Every structure is written in C-alpha cells, then in structure tokens.
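A.B. asks: Test case, fold it:
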Amino acid sequence: MPVINRVAEMQDQVAEWRRYLHQNPELLYDLPKTSAFVAEKLRSFGCDVVETGLGQTGVVGIIKGRHGDGPVVGFRADMDALPIFETSGRDWASQTPGKAHSCGHDGHTAMLLGAAQYLAETRNFKGSVAVIFQPAEEGGAGALAMINDGLMEKFSISQVYGMHNEPKLPVGHFATAKGGVMAAADTFEITVNGRGSHAAQPHRSIDPVLTASHTVVALQTIVARETDPLRSLVITVASIHGGEASNVIPDFVKLTGTVRTLLPETRDFAEKRLKEVVHATALVHGATADVVYNRGYPVTLNHDAETDFAADVAGKVAGPRAVDTAMAPHMGAEDFSYMLEKRPGAFIFIGNGDTANLHNAGYDFNDEAIPFGVSYWVTLAETALAA
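C.D. replies: A predicted model of the protein is given here:
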C-alpha cells in the first residue's frame, strides 16, 4: 500500500495546521494554544473520547473502530517547541521571538491530527486507536508526566508507537532499528574544592583550576580505555567556571556536562566510574570534590517484534527499499523512552529531506513528508487492528 490517495488529498490542509502551530510555538508544559487547537480538531473529527489535562497539558483522543471491540494501540506526537530565535525566513515563521519549532514537533502533531481525521472518518479496524499529544518532550519529561497521570491504564493501551522526523534522510524514507535507538541522557555537576592564593604564589594554594583540568582529561579515559568501543559512551564536560581575576587562584571550580549511553549496564558503569575518577583525581592534587549526578531520560529501547512490525508497515507505505532497519543509534535523548518502558512498541524516523538539522535556528519541518507520515499512522492502525 503506497501513500493513501485520501491522505495525499489532505496534505494542504494538514500543512496549514502545521504552519499555524509553527507560527505559535509554546514551551514545555505551557501549551494553552497548542493543546486547545489539538483538542478542538479532535472533537471536530468526531473522536469518541477527547481528554485534556493529562500530564498537565497533554491531550488524548480515542477513536473506536467499526468492527467491534479489540485492543487499544497508542500513537504519540510531541507538541512543545524550543527556546530558540528562528532564522528560517519562512512566511509562517515563529511570531514569538525566542520560541521556535526547531525540532519539528509541529509536523509530528499535524501528521497525527491528519491520521486522527482519516481514522475517525473510516474506522476500518477492530479495537481502538489512542492518539496521544504530549507536552514537554524538550527536557520536561512530559511522557513520564502523562504516564504518572495514568495514561496507559486509563485507556487500556497495549502497544505504543512514536515517530520523529530526520533531516538528511530523504523524504519518503524511514529508518529504525531494534534495541537502543536513542541514548540515555544524564547530567553532572562537579565542584572541585581547593584553596585560593595569589597567582604569583601557587605553592600556597591547592589549585582547583589545575585539578579541574586534570579531571576533564581523566574522565575521557573512562571512554577511551575502560569502555568496550562497541558499547557507546559519551562523557562531555560542557562548561567550566572558576575565579574572576587573572591574578588570583580561586577556592573552587565548577564543571558541568552530560553522559550518554545506549545500554543500562553502561549507564550504571559510567555513573560509578565518573564519581570514582573525580574523587581520586581531586585526592591526588590535595583537593576535594563534590559530585551531583542526575539521571535524565532513559535509553529509547525498541521492542523486537514491534520494530519488525513498524518497519513492515513503513515498507508498505514507502516501499521496502526506502526503509532502513539497521540505522545507527542517535546519542540524543527522547522521552518516548518512558512509554516504551511501560508498553511494547517502537520509535521510527521519517525523512525530512535536505534541511537544516534539528535544534538549528534555520530548521523547518518539510511539508512534503506529511503524506508519508499520515499514511504510516493510518496503515499502522489498520494493520495492527485488522478486522
């Protein structure tokens, strides 16, 4: 089954919705316009249930098939934008300076709305589809908030699927893989405590700047010499702050950064060794160190059977040769991971073409991808819930 004819006819309408959302970006959980727009559309389509306020500002629509009772399959789209000043120059560019849909969540939301409209019109399946519109993917763990509000249990969701656009992947192509497709994202703050002194008398100090410098290098030995090269690990020190004057050695230096992993056991190892290396390096230099380590989004782990199923569905829409089933994992993070911890499912990437990268001020979602994304959701529903 290629792109569905009716879906192709809907492209301009769905693109119009997408561009409205693009012009009106909202951040994290503060989504009054976006949530209201989504809920109004779902009601106008005739969804059997439209529930708002899940996970603060999430919206869920339930569409019942016309072939009787059956399982409930969940499809998720994220709705929030980023705190970025857009430079795309599009006619539909952000009208709110400092906020922009630079990750394509406007496209994700619009495509799932298009699928909801089609499925509510046809209802050619047995069971129900839950269309899940989630807030706060960009660092706010909106997926977890919806789960904690009873998302899975309240709507009896048995499987869950997600989709994200991928710049540089050609339009009309899909990519996915079994297992870890996106990394766990943890953060750390290290305070190296020394003893300040005049810079001309370094022997009177316990230099936290020097100790911090050795710490940055030592942390990379965890990656380069203690971790199997086939088990991905990234440790990045992203900021160093210490002192104010050019002739004074400060009392302390702060370092912050991130740790990215694709396996739970690597994640545990990295946290343990980071703390050990930091404290040992400080001890060698006569200093002390405090470490605050925060676990963020977990690894996005695709389930085997559901990944095969999602790839097969994508192949029906785009053709088998347009589906990469062995994509290299992304070391970025995604809170759909929380949903995959609760229910079997899969996360797939859809081509956005030769566009600016995600989180780039010049990025814009490619509306040519809309028919493929909507057709994927529709085909997934009608295949998973075949009458």
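A.B. asks: list the contacts for the residue nearest the centre of the chain?
C.D. replies: Nearest residue to the geometric centre of the chain (C-alpha atoms, centre = their mean): Glu334, 2.7 Å. With contacts taken as C-beta atoms under 8 Å, 6 or more residues apart in numbering, Glu334 has the following neighbours: Glu137, Gly162, His164, Met182, Tyr297, Thr300, Phe347. To be clear about C-beta, it is placed using only N, CA and C from the backbone, and glycine gets the same treatment.
A.B. asks: What subset of these is buried?
C.D. replies: With neighbours counted using 16 or more other C-beta atoms under 10 Å, the contacts of Glu334 contain these buried positions: Glu137, Gly162, His164, Met182, Tyr297, Thr300, Phe347.
A.B. asks: Please name the bridge partners of the third one.
C.D. replies: Spelled out, that is His164. On the basis of DSSP bridges, His164 takes part in beta bridges with Phe349.
A.B. asks: residues contacting it?
C.D. replies: Residues near His164 by C-beta under 8 Å, 6+ apart: Gly104, His108, Glu334, Phe347, Ile348, Phe349, Ile350.
A.B. asks: Closest one of those residues to Ser205?
C.D. replies: Glu334 (44.1 Å; C-beta to C-beta).
A.B. asks: before we move on, back to that, nearest to Asn357 among the buried ones among the contacts of Glu334?
C.D. replies: If you rank those by distance to Asn357 using C-beta to C-beta, His164 comes first, at 12.9 Å.
A.B. asks: what domains does the record give for this structure?
C.D. replies: When the chain is parsed with automatic domain parsing, its domains come out as 5-181+300-384, 184-295.
A.B. asks: ok, back up a step: next, format the contacts of Glu334 as CSV and append distance to Val50 and pLDDT.
C.D. replies: Listed next are the contacts of Glu334 as CSV, based on distance: C-beta to C-beta, whole Å; pLDDT from 0 to 100:
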residue, distance to Val50, pLDDT
Glu137, 21, 98
Gly162, 20, 98
His164, 24, 98
Met182, 30, 97
Tyr297, 28, 97
Thr300, 28, 97
Phe347, 25, 98
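A.B. asks: my read: Asn124 touches Leu385, true?
C.D. replies: No: judged on C-beta atoms under 8 Å, Asn124 makes no contact with Leu385 at a distance of 9.1 Å.
A.B. asks: okay, and the common contacts of the two?
C.D. replies: Counting by C-beta under 8 Å, 6+ apart, the common neighbours of Asn124 and Leu385 are Gly65.
A.B. asks: And these two? Which one has more around it.
C.D. replies: Just comparing Asn124 and Leu385: by other C-beta atoms under 10 Å the higher neighbour count belongs to Leu385, 20 against 16.
A.B. asks: Just list the residues touching that one, thanks.
C.D. replies: Gly65, Gly70, Pro71, Val73, Phe125, Lys126, Gly127, Ser128, Val129.
A.B. asks: now, which of those sits nearest Ile206?
C.D. replies: Nearest to Ile206, judged by C-beta to C-beta, of those is Val73 at 59.8 Å.
A.B. asks: number of nearby residues for that closest one?
C.D. replies: Number of residues near Val73 (other C-beta under 10 Å) recorded here: 22.
A.B. asks: Repeat that for the one 3 residues further on.
C.D. replies: A total of 27 residues lie near Arg76 under the criterion other C-beta under 10 Å.
A.B. asks: SS state for Ile235?
C.D. replies: Secondary structure for Ile235, judged by DSSP: H, G, I helix; E, B strand; the rest coil, is strand.
A.B. asks: Please report how far it lies from Ala100.
C.D. replies: In this structure, Ile235 lies at 30 Å from Ala100, with C-beta to C-beta, to the nearest Å as the measure.
A.B. asks: Between those two, which has more neighbouring residues?
C.D. replies: Taking neighbours as other C-beta under 10 Å, Ile235 and Ala100 compare with Ala100 leading, 26 against 23.
A.B. asks: Now go through the buried ones among the contacts of Glu334 and say which are in strands.
C.D. replies: Residues from the buried ones among the contacts of Glu334 lying in strands, with DSSP state E as the criterion: Gly162, His164, Met182, Thr300, Phe347.
A.B. asks: Please identify which helix or strand holds the closest residue to Ser239 other than its chain neighbours.
C.D. replies: For Ser239, ignoring the flanking residues on the chain, the nearest one in space by C-beta to C-beta, 6 or more residues apart in numbering is Thr256 at 4.7 Å. Applying DSSP states H and E as the criterion places Thr256 in strand 252-261.
A.B. asks: Over to Val278?
C.D. replies: For Val278, the element it lies in under DSSP H and E is helix 264-284.
A.B. asks: If you count neighbours, what's buried in that helix?
C.D. replies: Using 16+ other C-beta under 10 Å as the burial criterion, the residues of helix 264-284 that qualify are Thr266, Arg267, Phe269, Ala270, Glu271, Arg273, Leu274, Val277, Val278, His279, Thr281, Ala282.
A.B. asks: Let's have those in TSV, adding pLDDT.
C.D. replies: Conversion of these to TSV gives the following (pLDDT from 0 to 100):
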residue	pLDDT
Thr266	96
Arg267	96
Phe269	97
Ala270	98
Glu271	98
Arg273	98
Leu274	98
Val277	98
Val278	98
His279	98
Thr281	98
Ala282	98
